[in-house]
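Visitor: Predicted model and sequence follow; I will ask about them next.
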Amino acid sequence: MKKFILIIWMSLTVCLAVVGQQQASYTQYMFNGMSINPGYIGSHNGLDIVALSRWQWAGLEGAPNTQTLAMHTDVPNKNIGLGAQFIRDEIAATQTTSVLFGYSYKVGLGNGVLSMGLQGGFQNFKTDLASLYTINPDESFSENTSNMKPNFGAGLFYHNPIFYAGLSAPLLLKNNIEISGENIHTQSRHYFVTSGAVFALSSNIKLKPNVLLKVVDGAPISVDYNMNVLINEILWLGVSLRPPESINFLMELNINQQFRVGYAYDYVIDQTLSEMPASSHELLLNYQFKWFQEKVVTPRYF
């Protein structure tokens with residue numbers, strides 16, 4: 001009976017996670033490419049560090065929140081890139097901590113670069129049942145569980161000065177998550193297709209449309225349509241539509257050639273989520289250490 005109660009509770013938690021995401025989801029994916037595509041690793045000249053925090057459905061107790069620290073670099077005079085990600089994703093009494101290391105190999109293709117990336121590491125799935133409030137004390141809910149599982153993923157990323165496209169599956173293994181010997185959840189594979197381009201309207205104004213297609217086993221296809229405008233190579237302003245879930249607003253500020261600050265606000269429009277708080281917030285900090293100073297500074301669009 002106790003195991004049955006645990007399974008029912010975990011099923012409800014997983015249902016809430018499916019409404020939001022299984023793998024962590026980001027509104028500012030176009031400024032944080034490594035989060036969904038290992039092929040993005042080493043795509044910049046220098047060491048690129050991104051710190052991101054996301055609070056989904058702010059104000060709802062137990063709602064998803066995600067913290068990410070990602071870093072990647074090219075290797076000077078080599079056609080390879082190296083990277084690492086540390087991700088903490090929490091929902092209700094469950095917490096997933098991921099440590100992933102990546103490698104990419106780059107080849108010239110036309111006037112751009114095609115990068116083939118791999119990543120692998122471990123994920124720890126922790127359930128803190130003791131943190132749950134119960135009317136009648138139950139020793140089953142004093143149990144904390146932890147599952148350590150390996151995983152790996154792959155991706156392709158092509159980019160030139162005005163265009164990019166990517167195809168990836170960041171986590172390929174469908175691990176079983178267990179509590180008290182019972183399988184209560186199986187990870188689903190996520191496949192991502194991304195693309196974007198930059199169009200100059202004038203010397204001071206550029207448009208950058210982006211699209212993200214997400215395919216998850218057993219779930220409807222999700223599409224994120226985005227349009228950003230760049231003003232004076234300093235300020236990005238954007239809007240995204242993720243039907244039928246939300247409309248999202250973005251702002252990215254290039255403090256200088258190396259430091260960028262970003263913020264995204266998601267407003268829920270899906271009627272089936274009408275009981276949820278109507279907003280999510282995402283904060284991004286990005287800093288790039290250059291290995292050598294470029295004679296001609298290339299704007300960072302991707």
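Guide: Yep, it's here. Numbering: from 1, shown residues only.

Visitor: Show me the shaky parts of the stretch 51-200 of the chain.
Guide: Applying pLDDT under 70 to the stretch 51-200 of the chain picks out residues 129-143, 179-181.

Visitor: 50 instead, please
Guide: Under the criterion pLDDT under 50, no range of the stretch 51-200 of the chain is flagged.

Visitor: ok, which stretches of it are strands?
Guide: 65-74, 80-91, 94-109, 112-128, 144-160, 163-169, 176-179, 182-186, 190-197, 199-200 (DSSP state E, counting those that start in this stretch).

Visitor: right, so of the ones you listed, which gets closest to Ile231?
Guide: strand 199-200 (12.3 Å; CB to CB). In short, each C-beta sits where N, CA and C put it, glycine included.

Visitor: List the strands paired with the closest one, with their directions.
Guide: Partner strands and pairing direction for strand 199-200 (DSSP bridges) are strand 205-216 (antiparallel).

Visitor: which of the residues in the strand it pairs with are buried?
Guide: Across strand 205-216, burial judged by 16 or more other CB atoms under 10 Å covers 206, 208, 210-212, 214, 216.

Visitor: sorry, back to before: closest to Glu282 out of the strands of the stretch 51-200 of the chain?
Guide: When these are ranked by proximity to Glu282, the top entry is strand 65-74, at 8.7 Å, counting by CB to CB.

Visitor: Please identify the buried residues of the closest one?
Guide: Applying a neighbour-count criterion of 16+ other CB under 10 Å, one finds 65-68, 70-74 buried in strand 65-74.

Visitor: Of all the strands of the stretch 51-200 of the chain, which one is nearest Gln23?
Guide: With distances scored as CB to CB, the stretch of these nearest to Gln23 is strand 190-197 (5.0 Å).

Visitor: ok so, going back, dump the strands of the stretch 51-200 of the chain to CSV, plus distance to Gly39.
Guide: Putting the strands of the stretch 51-200 of the chain into CSV (distance: least, CB to CB, whole Å) gives the following:
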stretch, distance to Gly39
strand 65-74, 11
strand 80-91, 9
strand 94-109, 6
strand 112-128, 4
strand 144-160, 3
strand 163-169, 6
strand 176-179, 28
strand 182-186, 26
strand 190-197, 10
strand 199-200, 24
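
Visitor: Nearest to Asp270 among these would be which one?
Guide: Proximity to Asp270, assessed across the strands of the stretch 51-200 of the chain by CB to CB, is greatest for strand 80-91 (18.0 Å).

Visitor: what angle do that closest one and strand 112-128 make?
Guide: Using axes from the mean of the first three to the mean of the last three CA atoms, to 10 degrees, one finds that strand 80-91 and strand 112-128 are set 30 degrees apart in direction.

Visitor: these two touch, right, Gly42 and Ser115?
Guide: Yes: using CB atoms under 8 Å, Gly42 and Ser115 qualify as a contacting pair, with a distance of 6.8 Å.

Visitor: thinking again about what came up before, name the nearest of the buried residues of strand 65-74 relative to Gly83.
Guide: Looking at the buried residues of strand 65-74 and their distance to Gly83, the nearest is His72, at 3.2 Å (CB to CB).

Visitor: residues in contact with that closest one?
Guide: Contact criterion CB atoms under 8 Å, 6 or more residues apart in numbering gives 34, 40-44, 47-48, 81-84, 102 as the residues in contact with His72.

Visitor: Many thanks, I have nothing further to ask.
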